[in-house]
Structure formats: C-alpha cells, structure tokens
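K.L.:
Next come a sequence and a model predicted from it.
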Amino acid sequence: MNRHLNAQTHAWLKVFAVSARHLSFTRAAEELNVTTGAISQQIKQLEERLGFKLFRRRPRQLELTEEGSRLAAVVDEAYQAVELEVKRLRSGVMSGIIRLRSVPSFLARWLMPRLPRLQARFPDIELHLLAEDSTISLRDADFDLAIDLNNGQIPGFSITPLMEEYIFPVCSPALLRHHPPLRRPEDLAEYPLLHDVTAWRGSHDYAEWEYYLKAIGAPHVNVQRGYTFNRNQLTIGAATAGMGVAIARQTLISGELESGTLVAPFSERVATGMHYGIVSSPGALDDPRVLAVHDWIVNEARSTIHRTEGGHLPWGIA
C-alpha cells in the first residue's frame with residue numbers, strides 16, 4: 001500500500017493533533033465544530049493510512065500509543081512553527097538565517113562593531129558569518145551575501161559598491177621617537193616595514209607599499225624587506241606594537257587614528273582603485289530578508305562615508 005502523505009492525510013493530521021492535545025474526541029469535536037463520530041472516523045482512517053495505532057481507547061479515556069506520542073510531538077511542533085511564521089509574515093517581522101561571507105579584515109574591524117545595531121534592528125534574523133580572504137574564489141562557498149574587496153567586476157554576480165579604499169602609511173608614535181625623522185619617503189630606509197601579503201586578489205607580498213610609493217612619485221624607494229602577514233589586522237597590530245611602518249586602509253583604521261595609537265607620517269592618501277562591495281548571486285535580493293541585510297549594510301557604509309567626507313575623522317598626521 002502506498003502510504004505517502006497526501007492532502008487528505010494532512011487534514012487528518014490536524015484532527016489528530018487536536019485530539020492528542022485534549023485526549024478526547026468529544027473536546028476535539030467541539031474545537032473543530034464537527035461531530036464526535038466524524039473525529040473518531042477520521043482518526044481511524046489516519047491509523048489505516050499510516051499503518052499503526054495512534055490511540056488506545058479506554059472507557060471514558062483516550063491514551064496515546066508510543067507511536068501516537070512520538071507523532072503528536074512532531075505534529076504539534078510543526079503546527080506551532082507554521083503559526084509562528086504566519087504571525088511573523090503578517091506583522092512584517094524578518095526572520096531566518098542569512099549566510100554572510102566577508103574578507104576577514106573588513107569583518108573584524110568594520111562590520112563587527114556595527115553588528116549589535118543590525119541585531120537590534122532585525123532580532124529574528126540569524127547571521128551565519130564566514131571570514132574568507134579575497135584570494136578565495138567566491139564560487140568556492142555558498143552564501144547569500146558576500147563583502148569583497150575588488151574592482152567592481154565579478155562575472156556572474158551583482159555588486160553593490162560600499163566604499164572606495166584609500167591607503168597610506170601608519171606607525172606608532174613610539175616608533176617615531178626612537179628613529180630619525182620620517183618626513184619624506186626616502187626616510188623609510190631607516191625604518192622597518194610591515195606588509196599585508198593578501199592586500200587584494202592577485203596582489204604580491206609588497207604590492208601595497210609599491211603601489212603607494214609609485215602613486216606619490218617615489219617608486220625608487222626599496223620596500224622589499226620587513227615582516228609579512230597574511231591578515232590586515234595582524235599587520236596593523238604589529239604597527240601598533242611599534243614593530244614598523246605599515247600600509248593602512250582608510251576604512252579600517254579610524255579608531256587607532258582617533259585615539260592616537262597610530263599616526264600617519266605622510267599626508268598623501270592614495271586611491272587603490274578597489275572597492276568594498278556587497279556581492280550577491282542573481283535573484284538573491286528577491287528574498288526580503290537578504291535585501292533587508294543588504295540595505296542595512298549599504299546605509300551603514302553611507303554613514304561612514306558622510307562622516308569621513310565631513311571631516312570628522314582625524315588623520316593623526318605626525
């Protein structure tokens with residue numbers, strides 16, 4: 001006998017759920033506005049359909065069988081979940097799991113401090129966060145949204161620009177006190193250098209320093225020396241500890257500059273031509289939950305840009 005669930009079986013399961021809750025066909029009939037006989041008949045048909053007994057019929061009492069107890073727990077949980085989701089949908093509440101992937105430095109230094117605001121705005125959305133380098137192909141992982149540092153073009157995906165990235169050197173004030181003055185790029189020869197080897201997709205170990213110095217007209221300065229790290233936050237951590245001069249990213253460094261933990265010895269900031277952007281697959285933003293998280297991140301980025309352009313970020317120039 002084919003015992004796959006069909007529409008009629010689902011109707012009987014609703015009758016079963018009410019009967020199991022009351023342990024009474026009479027009270028189930030009152031709740032569902034049918035006769036007791038109709039309830040009894042539908043339970044019998046369900047038992048025949050499933051192939052096992054759900055109730056033990058005692059004088060003036062019903063008892064669930066072991067199979068009935070297990071099924072009642074599952075059915076009750078399922079109906080409660082459906083009712084809760086319907087209430088949420090009617091009230092406009094956003095809920096569910098959103099998979100968000102991000103380059104580690106942006107996730108740790110920009111997004112994490114802002115996540116409590118997202119949680120407060122959408123308390124029923126659960127973010128599943130994954131930190132992955134830009135060097136890892138976006139095609140290698142499943143995600144709903146991804147924050148990536150790129151040139152704005154990834155075939156097969158849509159990208160919403162967030163912020164253009166600018167770079168410039170930073171170091172600790174203590175490092176400056178123990179070395180000759182650092183006023184010109186040539187003075188870097190007296191200082192240890194620090195490098196982020198995963199600056200952007202396809203970059204080499206010394207790419208950030210070479211890019212910056214070429215842009216400000218000092219490509220002759222040798223930067224192929226010093227400590228290397230495979231995370232921006234590690235590089236900046238080393239600079240904070242006084243280990244050397246590092247290339248900082250404007251988006252990720254404001255806290256250290258505001259506090260004076262780090263200073264910028266040169267005034268020139270250089271646009272990298274790279275942008276942080278939100279990457280999504282075709283159709284992903286059709287999900288209102290994904291769209292809500294996407295738009296929230298975009299608005300946070302716009303607020304950051306406005307504060308920066310408004311002159312509220314001290315650059316801590318030494």
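P.N.:
Great, that's in hand.

K.L.:
Run through who's touching the host helix or strand of Lys44.
P.N.:
Secondary structure assigned from DSSP states H and E places Lys44 in helix 36-50. Contacting residues not belonging to helix 36-50 are listed as 3, 9, 11-13, 15-16, 19, 25-26, 28-29, 32, 53-55, 71 [C-beta atoms under 8 Å, 6 or more residues apart in numbering]. (Glycine included, C-beta is placed from N, CA and C.)

K.L.:
Equivalent analysis for stretch 118-135, please.
P.N.:
When contacts are taken as C-beta under 8 Å, 6+ apart, the neighbours of stretch 118-135 outside the stretch itself are 88, 93-104, 107-108, 115, 141, 143, 148-150, 198, 200-202, 230, 289, 292-293, 296.

K.L.:
which ones are touching Ala17?
P.N.:
If a contact means C-beta under 8 Å, 6+ apart, then Ala17 has Ala72, Val75, Asp76, Tyr79 as its contacts.

K.L.:
Could you save these as TSV and add columns showing neighbour count, pLDDT and distance to Cys171?
P.N.:
What follows is those, written out as TSV (neighbours: other C-beta atoms under 10 Å; pLDDT from 0 to 100; distance: C-beta to C-beta, whole Å):
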residue	neighbour count	pLDDT	distance to Cys171
Ala72	20	91	67
Val75	17	91	65
Asp76	15	86	63
Tyr79	15	85	62
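
K.L.:
Nearest residue to the middle of this structure?
P.N.:
Leu100 (3.1 Å; C-alpha atoms, centre = their mean).

K.L.:
With just CA atoms, put stretch 165-184 into CSV.
P.N.:
Output of stretch 165-184 as CSV, limited to C-alpha atoms (Å, rounded to 0.1, in the frame of the first residue of the first chain):
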residue,chain,number,x,y,z
GLU,A,165,39.6,52.1,-0.4
TYR,A,166,42.4,54.5,0.2
ILE,A,167,45.8,53.5,1.6
PHE,A,168,48.6,55.4,3.5
PRO,A,169,51.5,54.6,5.9
VAL,A,170,50.9,54.5,9.6
CYS,A,171,53.1,53.8,12.6
SER,A,172,53.1,54.1,16.4
PRO,A,173,54.3,57.5,17.9
ALA,A,174,56.8,55.5,20.0
LEU,A,175,58.5,54.2,16.8
LEU,A,176,59.0,57.8,15.6
ARG,A,177,60.6,58.8,18.9
HIS,A,178,63.3,56.1,18.5
HIS,A,179,64.2,56.7,14.9
PRO,A,180,65.3,59.6,12.7
PRO,A,181,62.6,62.0,11.5
LEU,A,182,60.1,60.4,9.0
ARG,A,183,59.2,63.3,6.7
ARG,A,184,59.9,62.0,3.2
